[in-house]
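> need a 3D model of the sequence below.
(one chain, ligands or ions: 1)
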Amino acid sequence: MAEPKENPLMEKIVSLCKRRGFIFQSSEIYGGINGFWDYGPLGAELKRNVKELWWHAMTRQRDDVAGLEATIIMSPQIWKASGHVDTFADTMRECPLTKKRVRADQVEPQSGTAYTFLGAGETKKIEAWLNLFPHDLRNQKIKLLLKPWEQPAFGNVLAGEKNPYTPPTDYPDNLEGRIQKEAFESIKRDTILVLLPIGKPEESVIKKAKEYYYANGFYEPFLFEAWTIKQSGQTLDSIDYHPESGFLLSPPRPFNLMMETNLGPVVSADSKAYLRPETAQAIFAQFKNVLETSRQRVPFGIAQVGKAFRNEVTPRNFTFRSREFEQMELEFFIKPDEVIEAIHGSVFRVHGSGSENSDPGTLNREPQPNWGWEAWHKYWVEERVRFYEGIGLSRETLGFHIQTKEELAHYARACTDILFKFPFSKKDEHGNVAGDELEGIAARSDFDLSQHQRFSGKPMGVFDDELRAAWAKLPKEKSDELWKRYYENRKNYLTKSAKPDETPEQISQQATEDANGLAKGQYIPHVIEPSAGVDRLILALIANAYSEITETDDKGKTETRVTMKFHPRVAPIKAGIFPLLKNKPELVKKAQEVRELLRPWMNVFYDESGSIGKRYARQDEAGTPFCVTIDFDTLGEKPELLDTVTIRYRDDGKQERVKISELLDFLLSKIR
Ligand code: GAP
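Have a look, this model is predicted:
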């Protein structure tokens, strides 16, 4: 279903983000830079909270995950091994007029009448030549001039086709001959196709064609009527034309998304390095160091939060697709299924994987020793959904996409994307919204560690005493079967990622060695990768929190107020602290004492200006879940209320009285 181009809710969100200091356009004073965003005071707090909560949930709250903070620039070899140098590309198409690129799979369908222009001449030169002839002969002369290129039928010409014109070589040796030569030689054939949108006048398409020829070296392009071919019918919903210019797009070609830089003073092929396009690869590269220093044993994970860079062809939907963004990634290393089977006799079978994962009844929340990759994958999808619920994104706001066999990378066993229903998410033909990707949870087999082992020459396998002992006790039939399965998997991987000079014999020898390793307790761990984008999550939280109320006052004036209903855990400011009146030193002093009491524990905002109503409204817009007011009762005007404050709740406006001595615990219980 086609989506309306304008999205009023997104416009409101973008404007609120700027007005209240959540998100600004990067380099705004210089006109901005496409695909880059800055977080203002409220946005920076929101982002910090989200990253802290993720880190807390993924590392400190667990015994089986260790953290890592690696550099953004790493050895370019890492990106060769990971496959990013060769295959991390989007297919893109280019507009011949503006040179703007669009992702081939994201072109908005266009309708209209297509025009083909076969080329142009230089107006002054063509006219000078035509002026040699009487008016009624000119058309005939032009036909003669264009004779070498008979007008082809519409559809038989290719845009971008450039046939070098070979003008006649002998011209009369006089003024007329020279004029003719100049006119003929000014003609260049350079075919373009432009779509004239329905309802627009023909002049606009002619103007665009001239713009193109002007940009391609003509001083004043002359378009020949015989070289302007109009399509007889109409083109409907075509994804071959640039939505802004109407020009037929170039053929799709791959465009590597990695951002390059150079190290050291001399720029050469050897100085080339990349800004990381994902945080994950550092985890694989440091796998052995973390394993040895953290005293972890498989199954265990390594978590990292940090910047990633991708030269996205079309950054869009505010921060959703940016060129600089942050990721929160976990690589959770597990034993291959053959190893589980050797040790435990069988692998726990999971009913339903992917988004059927939202049925929590099928899997024990406590990881079990006999879990293979399917159970671990399902477990992590569920853990991640629980995380999102815990910060205010209900299941109804989420969706799932289980990647099909065709979508999966050759080495991946499964990948479930967790989606959020953004305001810009598309509706299907029934009006349902699936959502757009927040996080992908992939079962990546042993591909990554295997690649780094092959490219670095350093062993990435682990030794497992339990496996060695169990293997020795296996009946021959069973060990043969497991050996064969492991061998086939390794051979499959080695074949698919073989270097050009590797022979089938070498591959099978390597796979044999790998499978023989099982008996010695050796294997390369498999990995489950929950990979989330910080910026996308921030955008989801903002969109989810946004709510408006329109009220009409006694005088009939309507006002729309925005409340950002962030979950207290992520809210940028946890509590607003207000003295009832700013000109009463006792109230101000007490309010400042309350601020100092809370400050070491949470982000609070002290505000004494304007009416209480205005102060509440300001905090509602910032998403502050609690406002604490210090009034005369706090000072003991009603003795029984001495040292109590009112707490006002953002979402329902209700208020209650709380003792200052209990305030900190009360708030901590809500924000943690
Ligand atoms: N290591 C796996 C990986 O990087 P990905 O699906 O390419 O997988 C993971 O990225 C997550 O990173 C996405 O689900 C998304 O949240 C975020 N992400 C990816 N590209 C992004 C972009 N251009 N702008 C903002 N976030 C992005």
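> low-confidence stretches in the stretch 351-500 of the chain?
352-362 (pLDDT under 70).
> next: the chain.
Under the criterion pLDDT under 70, the flagged ranges of the chain are 1-5, 147-168, 352-362.
> quick check: buried residues in stretch 192-209?
By neighbour count on 16 or more other C-beta atoms under 10 Å, the buried set for stretch 192-209 is 192-196, 205-206, 208-209. Backbone N, C-alpha and C define where each C-beta goes, glycine included.
> could you do stretch 364-373 as well?
Neighbour counts over stretch 364-373 (16+ other C-beta under 10 Å) mark 371-373 as buried.
> one more: stretch 478-485?
Buried residues in stretch 478-485, counted by 16+ other C-beta under 10 Å: 479, 482-483.
> strands paired with the longest strand along the chain, and their directions?
Counting residues, the longest strand found in the chain (DSSP state E) is strand 110-122. When pairing is defined by DSSP bridges, strand 110-122 lines up against strand 188-197 (antiparallel), strand 221-222 (antiparallel), strand 228-230 (antiparallel), strand 235-238 (antiparallel).
> measure the single nearest residue of the chain relative to the ligand to Glu324 for me?
Closest approach between the chain and the ligand, counting by C-beta to the nearest ligand atom: Gly533, at 2.3 Å. Taking C-beta to C-beta, to the nearest Å as the criterion, Gly533 is separated from Glu324 by 12 Å.
> still on that earlier bit, and the angle for the next helix or strand after the longest strand of the chain with strand 110-122?
Downstream of strand 110-122, the first helix or strand assigned by DSSP states H and E is helix 123-130. With axes from the mean of the first three to the mean of the last three C-alpha atoms, to 10 degrees as the basis, helix 123-130 and strand 110-122 are set at 60 degrees to each other.
> for helix 123-130, which residues meet the burial criterion?
123, 125-126, 128-130.
> give the other helices and strands that that helix contacts.
helix 138-145, helix 175-185, strand 221-222 (3 or more C-beta pairs under 8 Å, 6 or more residues apart in numbering; DSSP states H and E).
> same thing but at 6 Å, please
Packing contacts for helix 123-130, counted by 3 or more C-beta pairs under 6 Å, 6 or more residues apart in numbering; DSSP states H and E, involve helix 175-185.
> need the residues of the protein near the ligand, please.
With C-beta under 6 Å from any ligand atom as the criterion, the chain comes near the ligand at residues 278, 280, 310, 312, 321-322, 325, 327, 329, 437-440, 529, 531-533, 535-536.
> try 5 Å
Within reach of the ligand by C-beta under 5 Å from any ligand atom, the chain has these residues: 278, 280, 310, 312, 321-322, 325, 327, 437, 439-440, 531, 533, 535-536.
> mind listing the strands for the stretch 551-672 of the chain?
Secondary structure of the stretch 551-672 of the chain, counting by DSSP state E, counting those that start in this stretch: strands at 558-564, 575-579, 604-606, 626-630, 644-649, 655-659.
> using a markdown table, please lay out these together with distance to Gly431 and mean neighbour count.
Below are those laid out as a markdown table (distance: least, C-beta to C-beta, whole Å; neighbours: other C-beta atoms under 10 Å):
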| stretch | distance to Gly431 | mean neighbour count |
| --- | --- | --- |
| strand 558-564 | 26 | 15 |
| strand 575-579 | 40 | 26 |
| strand 604-606 | 41 | 19 |
| strand 626-630 | 38 | 24 |
| strand 644-649 | 35 | 20 |
| strand 655-659 | 41 | 12 |
